[in-house]
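Q: I'll drop the sequence and a predicted model, then ask my questions.
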Amino acid sequence: MKSAPTDLGAYPPFAGFPPEGIGFLRKLKKNNRRDWFNGHKTEYEEYVKFPMETLIASLAAPLQKLLPGIVVHPKKSMFRIYRDTRFSANKSPYKTHAAAIFHLKGHWQESASFYLHIEPGRTFLAGGIYMPDGAQLKKIRTAIARNPKKFLGVVRSKAFTSTFGSIEGERLSRAPMGYSPDHPMIEWLKFKQFIVVAEWPEGAAGKSGFVRRAATLYGKMLPFVNFLNNALQR
């Protein structure tokens, strides 16, 4: 098993997420038990955890260039494999994917961010804010209503629509409180989540070139993420 460096610069360049890692996650889906995981933990650490750490380390420089102040570090950005089952009917103890989030300083839920997800069958990158609370939603909706031209300039730009199509996320069925149903921006104001997603097949992260590919895509998400963060910081 490879040991993880303590210094970001000591990680080797990302060489690709190995097929053994996908294989481990696929087996974990069928054997999501503590006894099985403990018996195969070295496989997880070598083929899933360490490759993800090297991917995150390799993304640090390009993402920090895109968005100064963003937190990109293997020990801070990667989600743990262990599920929090306290309030869930699903008591499976482990996640069956590898994921990381890159956000501004503070807790990841306090800002719009970039997300990375690898699992059997697919790889996807996302940007935006997944679970905004009431105060955050109010700020975002206010920004959209006050700056419609700027917002539409982002979400209707050719670079945005050709890559992401449109925003994804849950929506209200009616106008949010404080807004008229015939508000010119009402269809955007109904969103409860503000997310953009780009999805690829399973092996997309299997080569070193995925770092550049991911950084390029995050760059296309940046105007959207910046709009949200500017709204949240008001």
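A: That came in fine, so what should we check first? Since the model is a prediction, treat every value here as computed from it, not as a measurement.
Q: now the strands for this structure?
A: Listed in chain order, the strands found in the chain under DSSP state E are 70-71, 98-104, 113-119, 122-129, 194-200.
Q: may I see the buried residues of the longest helix along the chain?
A: If you go by DSSP state H, the chain has its longest helix at helix 210-232. Buried residues in helix 210-232, counting neighbours by 16 or more other Cβ atoms under 10 Å, are found at 210-211, 214-215, 217-218, 220-225, 227-229, 231-232. Backbone N, C-alpha and C define where each C-beta goes, glycine included.
Q: do stretch 57-65 as well
A: So for stretch 57-65, counting by 16+ other Cβ under 10 Å, buried means 57, 58, 59, 60, 62, 63.
Q: tell me which residue is most central in the chain.
A: residue 115 (1.3 Å; Cα atoms, centre = their mean).
Q: contact partners for that one?
A: Shown in contact with residue 115 (Cβ atoms under 8 Å, 6 or more residues apart in numbering): 99, 100, 101, 102, 125, 126, 127, 130.
Q: now residue 104
A: For residue 104, the contacting residues are 67, 69, 70, 71, 110, 111, 113, 229, by Cβ under 8 Å, 6+ apart.
Q: neighbour-wise, which one of the residues you listed leads?
A: Most neighbours among the contacts of residue 104, by other Cβ atoms under 10 Å: residue 113, with 24 neighbours.
Q: so for it, what's the nearest residue that isn't a sequence neighbour?
A: residue 103 (3.6 Å; Cβ to Cβ, 6 or more residues apart in numbering).
Q: check residue 194 too.
A: Nearest residue to residue 194, sequence neighbours excluded (Cβ to Cβ, 6+ apart): residue 128, at 4.6 Å.
Q: now do the helices in this structure.
A: 19-30, 34-39, 41-44, 50-66, 74-77, 134-146, 148-155, 158-164, 186-189, 210-232.
Q: and those: which comes nearest residue 95?
A: helix 19-30 (8.6 Å; Cβ to Cβ).
Q: just want the angle from that closest one to strand 113-119.
A: Helix 19-30 runs at 80 degrees relative to strand 113-119, counting by axes from the mean of the first three to the mean of the last three Cα atoms, to 10 degrees.
Q: who touches helix 19-30?
A: Counting by Cβ under 8 Å, 6+ apart, 36-37, 40, 43-44, 46-48, 51, 94, 96-98, 118-120, 202-203, 206 sit against helix 19-30.
Q: show the buried residues in those.
A: So, by 16+ other Cβ under 10 Å, the buried ones in those are 37, 43-44, 46-48, 51, 94, 96-98, 118-120, 202, 206.
Q: and the pLDDT for residue 87?
A: In this model, residue 87 is scored at 82, pLDDT.
Q: I meant residue 30, not that one.
A: Here the pLDDT value assigned to residue 30 is 97.
Q: name all residues that make contact with residue 212.
A: Taking Cβ under 8 Å, 6+ apart as the test, what residue 212 contacts is residue 62.
Q: and residue 168, what is it in contact with?
A: 193, 195, 196, 197.
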